[in-house]
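Visitor: Provide a 3D model corresponding to the input given below.
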Amino acid sequence: MSSFVGAVDQGTTSTRFMVFDQAGNIVASAQQEHPQIFPQPGWVEHSPIDIARNTDAVIAEAMRSANLTAKDLVAIGITNQRETTMIWDRRTGEPLHNALVWQDTRVDPLVAYFSGQGGKDRFRALTGLPLASYFSGLKLKWLLDNVPNARALADAGDLLFGTMDTWVLWNLTGGANGGLHLTDVTNASRTQLMGLSSLQWEDQLLRTFSIPRSVLPKIASSSEVYGHVADGPLKGVPIAGILGDQQAALVGQTCFEPGEAKNTYGTGCFLLMNTGHKPVSSAAGLVTTVAYQLGRNPACFALEGSIAISGALVQWLRDNLGLIRNSGEIEALAASVQDNGDVYIVPAFSGLYAPHWKDHARGVITGLTRYANRGHIARAALEATAYQTRDVVAAMEQDSRIQLQELRVDGGMVVNDLLMQFQSDILDVSVVRPKVTETTALGAAYAAGLATGYWKSTDDLRRNWGVSHTWQPRMSKEDRGHLYSSWQKAVTRSFNWVE
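Guide: The predicted structure follows:
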């Protein structure tokens, strides 16, 4: 009898497959990284072929490690890096170009062009999103306009577009031999091509961006049986959940009530607050997005603040500066000094995302003196994530008119006690780490399990959630105010760097 649920977690730096039991505990896991491709400054790409191969490999490895077969899994879900955009040939399954990663800024000229015709917020009422290089629609337009033969294939009905959930689903369900071309409402809401009210592709947007409807996947809910795995170790297993990674973490953290919020600390940093069944428009620089839709239930919405660079800043210190040998060394190095020495790093490598939305900002290190050393740089790098989170929380409280009571946290950086304590200090609220921190994969598994009856309701999921550690603020009001004021000054130094 089937007793577990699995999840493919296709992330920015790696792909994982995880298996969970009914209590939400991890039964099996395997992970493989894929290369980050930087053709020129501001351009970031992934190889879709590498990702497809890695998906197959981690599924096989995880199943083998726990001695599981397809009969042991009731269903699997998919979660994915959002906004990363690719096109491929329907007939052959061959990608026409590398995937354009969510961090990629090559569409900045398109952002400027369309903003010039009505402002950055011209589509916000319809989509919940400002015009920015972040979202998928303009990336798709760039691919159609710049990749040889792309428009011709689209005109012939043989070109498919997808974010990474769609690519993974299409391959798992047969690829060129009958693969499903489908996405869910959470990923569709990140394209800037779907209406928040209709939950459908909007003709007005397709006309504006010159995107043919034939390339777009079908939009489905986040929790239903879409199809079955066509081959391999999971042959015949239902695929029954799809959630963009940050929405999956919201579900994994069981933030099902309005006002409940989580922050995921990964390559970037993403804070979502559940706002219920009605989308809340942002006047403070956040985006309005679909949080999840469970089967035929009404969709729930969220306010989101997206930070482009958090964990990636630690990787930059490791790979580009050689300041540390591995990411785990950052905490000890940062703890080697008592404070940041008045050094601040604003990691606007791809511009600034929420709540500033400054495409022309670039990264800066400020406050340097002869006193500053590598420990101060390391500490400033960690603190940058916490400051950016406070920027987003302030905007979220303004838009939602809800005072944050606690922040649930997950992602790779939450093992860093120094960062988590500073996060609590600079926010002046409790920061709570759950027992299971792999909440992105867990959320996708929850969606698949709800669709197939493995879990009966969200109440079952709430009972699974438990606390690992809570950090309480212990910084004085005066110190908090001084540090945050200096951070805000540093942020302004990053503005308008690109002419």
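Visitor: W88 contacts L96, correct?
Guide: Yes - if you go by C-beta atoms under 8 Å, W88 and L96 touch, sitting 6.3 Å apart. Every residue, glycine included, has its C-beta placed from N, CA and C.
Visitor: quick one: common contacting residues for those two?
Guide: Listed as contacting both W88 and L96 by C-beta atoms under 8 Å, 6 or more residues apart in numbering are L159.
Visitor: more neighbours, the two?
Guide: W88 (26 against 18; other C-beta atoms under 10 Å).
Visitor: quick one, phi/psi of that one?
Guide: phi -150, psi 160 (degrees, to the nearest 10).
Visitor: chain neighbours aside, what residue packs nearest to it?
Guide: Nearest residue to W88, sequence neighbours excluded (C-beta to C-beta, 6 or more residues apart in numbering): P95, at 4.5 Å.
Visitor: can you tell me the helix or strand for E304?
Guide: strand 300-307 (DSSP states H and E).
Visitor: rounded mean pLDDT for that strand, please.
Guide: Averaging pLDDT along strand 300-307 yields 91.
Visitor: what pairs with it, parallel or antiparallel?
Guide: strand 269-276 (antiparallel), strand 287-292 (antiparallel) (DSSP bridges).
Visitor: right, and these - which one's nearest R474?
Guide: strand 269-276 (22.0 Å; C-beta to C-beta).
Visitor: give the buried residues for that closest one.
Guide: Going by neighbour count (16 or more other C-beta atoms under 10 Å), the buried part of strand 269-276 is 269-275.
Visitor: contacts for stretch 135-148?
Guide: 83-87, 96-97, 100, 104, 106-107, 110-111, 114, 129, 131, 150-151, 154, 161, 163, 190-193, 205, 209-211, 215.
Visitor: out of those residues, which end up buried?
Guide: The neighbour count (16+ other C-beta under 10 Å) marks 83-87, 96-97, 100, 104, 106-107, 110-111, 114, 129, 131, 150-151, 154, 161, 163, 190-193, 205, 209, 211, 215 as buried among those.
Visitor: quick one, longest helix in the chain?
Guide: Secondary structure of the chain per DSSP state H: the longest helix is helix 374-400.
Visitor: which SSE is immediately downstream of it?
Guide: Following helix 374-400 in sequence order, the next helix or strand is strand 406-410 (DSSP H and E).
Visitor: that following strand - what's its average pLDDT?
Guide: pLDDT averaged over strand 406-410 gives 90.
Visitor: go on, stretch 485-497?
Guide: On average, stretch 485-497 scores 94.
Visitor: may I see the buried residues of it?
Guide: Going by neighbour count (16+ other C-beta under 10 Å), the buried part of stretch 485-497 is 486-487, 490-491, 494-495.
Visitor: in a markdown table, list those residues along with distance to N263 and secondary structure.
Guide: A markdown table is the format used below for those (distance: C-beta to C-beta, whole Å; DSSP: H, G, I helix; E, B strand; the rest coil):
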| residue | distance to N263 | secondary structure |
| --- | --- | --- |
| S486 | 22 | helix |
| W487 | 17 | helix |
| A490 | 21 | helix |
| V491 | 19 | helix |
| S494 | 22 | coil |
| F495 | 24 | coil |
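Visitor: quick check, nearest of these to T288?
Guide: Nearest to T288 among the buried residues of stretch 485-497, with distances taken as C-beta to C-beta, is V491, at 23.4 Å.
Visitor: how about that closest one, nearest residue that isn't a chain neighbour?
Guide: Per C-beta to C-beta, 6+ apart, closest to V491 is V346, 5.4 Å.
Visitor: of the buried residues of strand 269-276, which is the nearest to W316?
Guide: Distances from W316 to the buried residues of strand 269-276, taken by C-beta to C-beta, are shortest for C269, at 14.5 Å.
Visitor: returning to what we had before: turn the buried residues of strand 269-276 into JSON lines, columns for distance to S65 and pLDDT.
Guide: Listed next are these as JSON lines, based on distance: C-beta to C-beta, whole Å; pLDDT from 0 to 100:
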{"residue": "C269", "distance to S65": "31", "pLDDT": "88"}
{"residue": "F270", "distance to S65": "29", "pLDDT": "88"}
{"residue": "L271", "distance to S65": "33", "pLDDT": "91"}
{"residue": "L272", "distance to S65": "32", "pLDDT": "92"}
{"residue": "M273", "distance to S65": "37", "pLDDT": "90"}
{"residue": "N274", "distance to S65": "35", "pLDDT": "92"}
{"residue": "T275", "distance to S65": "40", "pLDDT": "90"}
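Visitor: show me which of those residues is closest to V393.
Guide: L271 (6.8 Å).
Visitor: poorly predicted segments of this protein, please.
Guide: For the chain, the stretches flagged by pLDDT under 70 are 1-2.
Visitor: so what's the residue count around the closest residue to Y226 other than its chain neighbours?
Guide: Distance criterion C-beta to C-beta, 6+ apart; nearest residue to Y226, sequence neighbours excluded, is I239 at 5.2 Å. A count of nearby residues for I239, using other C-beta under 10 Å, gives 26.
Visitor: who touches I239 in this structure?
Guide: Going by C-beta under 8 Å, 6+ apart, the list of residues near I239 reads 75-78, 169, 172-173, 225-229, 448.
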